[in-house]
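1. When you get a sec, could you give me coordinates for this:
(chains A and B)
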Amino acid sequence: MAYAATLAGLDSMTPQRLQRLLRGRSAEEVFADLRAPRARLVSRLMHAEGAPDQRNPRTAQIVNTWRRASVDTDPAFVWERLVASNTVAYRRGSPGYPSRLVDDRAAPEVVFVRGSIAQLDRPCVALVGTRSATHYGSGVAAELGADLSDAGVVVVSGLAAGIDAAAHEGALAPERPAPPVAVVGGGVDVVYPASSNRLWARLELAGGILSEAAPGAAPERWRFPLRNRLIAALAHVVVVVESHKGGGALHTVTAADERGVTVLAVPGSVRSPAPEGTNSLIADGCGVARDAADVLAALELACAGSNYALGPRTGPCGQRGFARNSPPAVTARLSPDERAVLEALEDVATPFESVCGRSGLGLALTAVTLERLATLGLAARSGSGWERSAAGRR
Amino acid sequence: MPSRSGGWSVATNGVLFLDELGEFPSPLLDLLRQPLEEGVIRVARARATVSFPARFLLVAAMNPCPCGERRGIGSCVCSAAQLARYSRRLSGPLLDRFDLHVAVGRPSVRELLDLVPAESSASVAQRVAKVRELAHRRGVTANAALSSASLDVHAPLTKAARELFERQLCSGVLSARGLDRVRRVALTLADLDPSKTAVDEIHVAMALELRAGRAALLGGPGQV
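-> Sure, this is the predicted structure:
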């Protein structure tokens, strides 16, 4: 395994090149080949699927780089460094390697892991979406993450900003969460984006981080489509929470379709460009996820006939998002002013002046009533406006 | 060689309005700190150091994000990187200095065409004069100059008002630095309110709401 890890860490070693090198040979053999260069090695690399054998100077250049690197690198030392940084490498087919990936058409030869990924054998749901999420999208992603995690489902996402981050935060929120897994584009030690710093650390402790790229690898753009296909391959159901037209998350959808993985999309506002991609998916016949109950229903179908068993569904999962936690007792005890202001609120952020206008109360009275509703858990600040919080929904 | 006052000193005892605050270079915005804290600008040259008075009312205007759409309501097309760069320009300490952060919405077509008559400046000026009079009786030109200790004396809080402050402080929505600012604004609102004598929950709530626009700039979850 140390040899495979070392090979994966070489400059210009892409997953495809690694796969070609390791076809039919052990990593140790390939490493030995690099040290004492053989023409066969070079030609195997050049020989792409179905393409005629050609001499490519660039390939020879890369192989030379590898040869020099292999002389300078000691796989034992590479392994030691991994262990010292709490990182584990799994070779395809070896114990610990995610079973869902073994037979995948584009299975990575090596994966690097921090934390634990044993939970990938349980039912997994991928929550993906745009990096510039709206408040609505982030809110739904966090709720789905929390409810699914609470139900024992492993949440898989990409640790990008926006939807991914919200989903991970949600998944870590319940009292006994199912440990979530993040699949990242760069090395498991290269925090990207910088804003994900704390979340990254929390995931290492409470879940797992997985990458096909060796530690230290920069999160280059070309790595992300590959990372997305890993997410699709690991999940039983992929939920796109919010995506613009042509967003990167749609890539994950394609990868999911190719593998026959169920895809669901969360509907969004028709007045906003933010959910244009997700709404289009629905218009084209994709399944709809309105809340965790919808996702769990699809998950049961996807896992039917296998030996997965979903935990008992406790808590609000059986209900629509807006139907959960609605204690009629609380809303019945509101004063007329409080009720007027609550009616003026929506599930998405509303500017203060609009709430004022709709409720018919003066500015200061609206302000103090909103604060009272907030104390009761029925309303919450959202951006520079206000929205109805979960408990306040009818 | 006689020294000449710059624009900020000329604005002393008046109003300085900075439009498109986000477009000012950061080093220039940092220079605002001295006038806002001390009321002077000190210019040091080889020969001498000159102090110019610079005590003004600072008003600024800016877009919530580079594309101008209200961020988070769905029509903003700024990338996460653009948003981060834009809000990074304005440091937390600078934004903290503003007592009021009001998010100004887009006027509706009706509002633009119907010309709903607003209150005249003269009648607003009358109310301001009355509140200034109350401040003079407290020994200051305006409530903004009241120290924390004076606030305890002149602006006692009702139980409900105190509890509201406690909730905001505990939940991290309000910082210690923000607390005094909100108290002064709440006092002014109470001064404007003919029906109340003490600073009540309703004034504190409104003072908090008048700072809510800050959240749109910082992008945090409802931090005022």
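2. Share the number of residues neighbouring residue 131, please.
-> As the question left the chain open, I've gone with chain A. Neighbour count for A:R131, taken as other Cβ atoms under 10 Å in any protein chain shown: 19. Heads up, the C-betas are built off the backbone N, CA and C, glycines and all.
3. nope, chain B
-> Residues within reach of B:V131, counting by other Cβ under 10 Å, total 17.
4. is it true that it touches B:L189?
-> No. Contact status for B:V131 versus B:L189: not in contact, 9.5 Å apart, counting by Cβ atoms under 8 Å.
5. what does the domain assignment say about the chain?
-> All of this refers to chain A. Dividing chain A into domains by automatic domain parsing, as the record does, gives the ranges A:2-75, A:115-320, A:328-392.
6. my question was about chain B
-> Under automatic domain parsing, the residue ranges defining each domain of chain B are B:7-112, B:113-214.
7. Can I get those in TSV including distance to chain A?
-> Below are the domains of chain B laid out as TSV (distance: least, Cβ to the nearest Cβ, whole Å):
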stretch	distance to chain A
domain B:7-112	3
domain B:113-214	4
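8. Pick out the shakiest of the ones you listed, pLDDT-wise.
-> Comparing the domains of chain B by mean pLDDT, the weakest confidence falls on domain B:7-112, with a mean of 77.
9. mind checking how far that one is from the chain centre?
-> When distances are taken as Cα atoms, centre = their mean, to the nearest Å, domain B:7-112 is centred 10 Å away from the chain's centroid.
10. contacting residues for A:L82?
-> By Cβ atoms under 8 Å, 6 or more residues apart in numbering or on different chains, the residues touching A:L82 are A:5, A:88-89, A:112, A:215.
11. how about 10 Å then?
-> Contacts of A:L82 were listed using Cβ atoms under 10 Å, 6 or more residues apart in numbering or on different chains, and they are A:1-2, A:5-6, A:9, A:88-89, A:112-114, A:188-189, A:214-215.
12. go on, B:S9?
-> Applying Cβ under 10 Å, 6+ apart, the residues contacting B:S9 are B:3, B:35, B:40-41, B:51-56.
13. Which helix or strand contains it?
-> Assessed by DSSP states H and E, B:S9 sits inside helix B:7-10.
14. Equivalent analysis for A:A5, please.
-> Counting by DSSP H and E, the element that carries A:A5 is helix A:2-8.
15. Going by neighbour count, list what's buried in the next helix or strand after that helix.
-> As assigned by DSSP H and E, the chain's next helix or strand after helix A:2-8 is helix A:15-21. Taking 16 or more other Cβ atoms under 10 Å in any protein chain shown as the basis for neighbour counts, the residues of helix A:15-21 that come out buried are A:15, A:17-18, A:20-21.
16. Which residue ranges of the chain form strands?
-> No chain in the question, so chain A it is. Counting by DSSP state E, chain A forms strands over residues A:87-91, A:110-115, A:124-129, A:154-157, A:181-183, A:208-211, A:237-242, A:262-265, A:287-288, A:379-382, A:385-388, given from the N-terminal end onward.
17. right idea, wrong chain: chain B
-> B:15-19, B:40-44, B:49-53, B:57-61.
18. Output the contacting helices and strands for the first one.
-> In this case it means strand B:15-19. Judged by 3 or more Cβ pairs under 10 Å, 6 or more residues apart in numbering or on different chains; DSSP states H and E, the packing partners of strand B:15-19 are helix B:7-10, strand B:57-61.
19. then that strand to CSV, C-alphas only?
-> Extracted as CSV, the C-alpha positions of strand B:15-19 are listed here (Å, rounded to 0.1, in the frame of the first residue of the first chain):
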residue,chain,number,x,y,z
VAL,B,15,-22.2,66.1,8.3
LEU,B,16,-19.7,64.1,6.2
PHE,B,17,-21.4,61.9,3.6
LEU,B,18,-19.3,59.2,2.0
ASP,B,19,-21.1,57.7,-1.0
